[in-house]
Structure formats: structure tokens, C-alpha cells
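Enquirer: What shape does this take:
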Amino acid sequence: MYSLPKVIGDRYVLTSVLRDLPTTVMFIGVQNDIRREVVIEALRPELATDENVEMFLETARAQSRNNYDFVSKVFEIIHVDNMWYLVRERLKGVPLNVLEAMGHRLEPRQLYALLRQYLRCIIYMSIMQIASRPVDLESLYMSDDGFFRCGNPAIGGPRTLEMAEGDVRALGELGLQMVDEESEGASELMQLCLRMKNLRDGHPASCLFFCEEIGMMCDVPSRDDDGEYCPVI
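Expert: Sure thing, here's the model as predicted:
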């Protein structure tokens, strides 16, 4: 399974391992016909029981339903040589866990944009009743121009209230972890993130409330270097 490069069907080549997960392995691959880099997630063959195959396919279907622009897109499912593969968009940029390891921290305006986008994604998945795995630094990418994208967090199974609340808490912890504490506005952001991290159970509208609060904070104009007012985001 790790003998690379490896040809998958007639269209893809696995080139390197991206991430090891309990039941799957994520590879970087190339779509030969258009020379496009992709992420290909493979179900471990030793774990390809009927139950695990069905969960793999259910997750693939859930990710294909998650059409929010912020997350990576699903291209196709492949079954070849008794192996199951899920082909997705490869996101451009650097994962936040790599930036963190390099000592890089984000300004409040960047984190406000990230938190707002992910909260909107949570709201979308809640409306669509799409289950999701918890957010983590490794699945979030920042591009060279400062925009954020996320690996598709959708999974098979029912959507629960606890998933949304857990993501709000995880986002709060992520914000506290990544903020540049010396930058202007860091104190206000950290207070917000602390409230998100300490969210109590049983608050189904918490994503909407925090998203609206961030929106109001971001829509308040600030001054640029020339003293002119400009939007934060």
C-alpha cells in the first residue's frame, strides 16, 4: 500500500503519503489526464470489512453533499483491485499545524476571518444534517494571499448537537493557540475565544450567535496607516 509511486486505475498516480488515520491513509496524487494534484484517501485493505466499507462510502457521500465553498471538494470514488479510494481537491497553502510548529502566529483580523468562515460551515452542515469530525490545525490551510480553506470535515452517520458545540469549543481553543498576543486587538479576540472554548452544553444556537458577534466586531471600521477608516475584513 505504501509502495510509491502507485498507479490507481487509468487516471491517478499516488506520489506520497500525506496523513495516516486509524482506518484510512491519505495520499497526494496526480490526475494524469489534466496533471492536477489531488488528495486520495484509501481505506486500509486489512480493515475493509463490510461495515468499514459502508462507513467509508457513507463518509464519501456526506462529503459530496457538503458543498460549502470553504471546504475541499469531492471528485470521485474509485474501486479497483479490491481497494476503495476517495479522490478530493488538494488545497493550496500551508497547514496551520506547520505554521504553528514554525512559530508563526495569526493576527486577530486573520483569525476573525477563519472563525467566521468555519462557524458558517458548521451552520451549513447543521442545516443539511451532515455529520462532521472535530476541527484541527492539520486540516486548515492558509494560502499565500491569506485566505483559508479546510479539508472536508463531513463523515458518515447522523448529525448531533454535540458536534456543533464541540466544534465551537475546538475553534475557541484553536484561536487561543494561534493568536499573536502582541498584535492590536488580541485581547478582545482572546476573550471571545475563551467564551467559545468554555461553551456549556445545550446551546444549539451558539454557532449563529458567535458568528453574528464576530460579524459585528469585523464590520466596525478601523483606521489604516494613513488615518483613513477601512474595514477589518
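Enquirer: give me the beta-bridge partners of the residue nearest in space to the middle of the chain?
Expert: Geometric centre of the chain, nearest residue: Cys150, 2.9 Å, by Cα atoms, centre = their mean. Following DSSP bridges, Cys150 is listed with bridge partners Val71, Leu140.
Enquirer: Touching, it and Asn66? I think so.
Expert: No - counting by Cβ atoms under 8 Å, Asn66 is not a contact partner of Cys150; they are 10.2 Å apart. Placement of C-beta: from N, CA and C, glycine included.
Enquirer: Which parts of the chain are strands?
Expert: Counting by DSSP state E, the chain has these strands, from start to end: 6-8, 12-20, 24-31, 36-43, 74-80, 83-89, 94-95, 140-142, 148-150, 222-223, 229-230.
Enquirer: biggest helix in the protein by residues?
Expert: The residue-count maximum for a helix in the chain (DSSP state H) belongs to helix 108-128.
Enquirer: buried set for that helix?
Expert: For helix 108-128, burial by neighbour count (16 or more other Cβ atoms under 10 Å) applies to 108-126.
Enquirer: Under the pLDDT cut-off, which ranges of the protein? List them.
Expert: 1-2, 219-233 (pLDDT under 70).
Enquirer: show me the contacts for the closest residue to Glu54 other than its chain neighbours.
Expert: Nearest non-adjacent residue to Glu54, counting by Cβ to Cβ, 6 or more residues apart in numbering: Gly156, 8.0 Å away. Going by Cβ atoms under 8 Å, 6 or more residues apart in numbering, Gly156 touches Glu54, Met55, Phe56, Leu57, Glu58, Thr59, Arg61, Ala62, Ala131.
Enquirer: Show the contacting residues for the last one.
Expert: Under the criterion of Cβ under 8 Å, 6+ apart, the contact partners of Ala131 comprise Ala62, Met125, Ala154, Ile155, Gly156, Gly157, Pro158, Arg159, Thr160, Met163.
Enquirer: for the residues you listed, which one is nearest Gly172?
Expert: Met163 (15.3 Å; Cβ to Cβ).
Enquirer: So that closest one is in contact with Ser132, correct?
Expert: Yes - using Cβ under 8 Å, Met163 is in contact with Ser132, at 5.6 Å.
Enquirer: okay, those two: which has more neighbours?
Expert: Of the pair Met163 and Ser132, Ser132 is the one with more neighbours under other Cβ atoms under 10 Å, namely 24 against 21.
Enquirer: how far away is that one from Glu213?
Expert: 22 Å (Cβ to Cβ, to the nearest Å).
Enquirer: What of Ala154?
Expert: In terms of Cβ to Cβ, Ala154 sits 26 Å off from Glu213.
Enquirer: These two - which one has more neighbours?
Expert: Using other Cβ under 10 Å, the more surrounded residue of Ala154 and Glu213 is Ala154, with 25 against 15.
Enquirer: which residues sit in contact with that one?
Expert: Thr59, Ala62, Gln63, Arg65, Asn66, Val71, Met125, Ile130, Ala131, Ser132 are the contacts of Ala154 under Cβ under 8 Å, 6+ apart.
Enquirer: ditto for Gly9
Expert: Here Gly9 is in contact with Ile78, Val80 (criterion: Cβ under 8 Å, 6+ apart).
Enquirer: Can we start the residue count at 25 from this point?
Expert: Happy to do that; since the first residue is 25 now, the last one works out to Gly33.
Enquirer: List phi and psi for it.
Expert: Backbone dihedrals for Gly33, given as degrees, to the nearest 10, come out at phi 60, psi -140.
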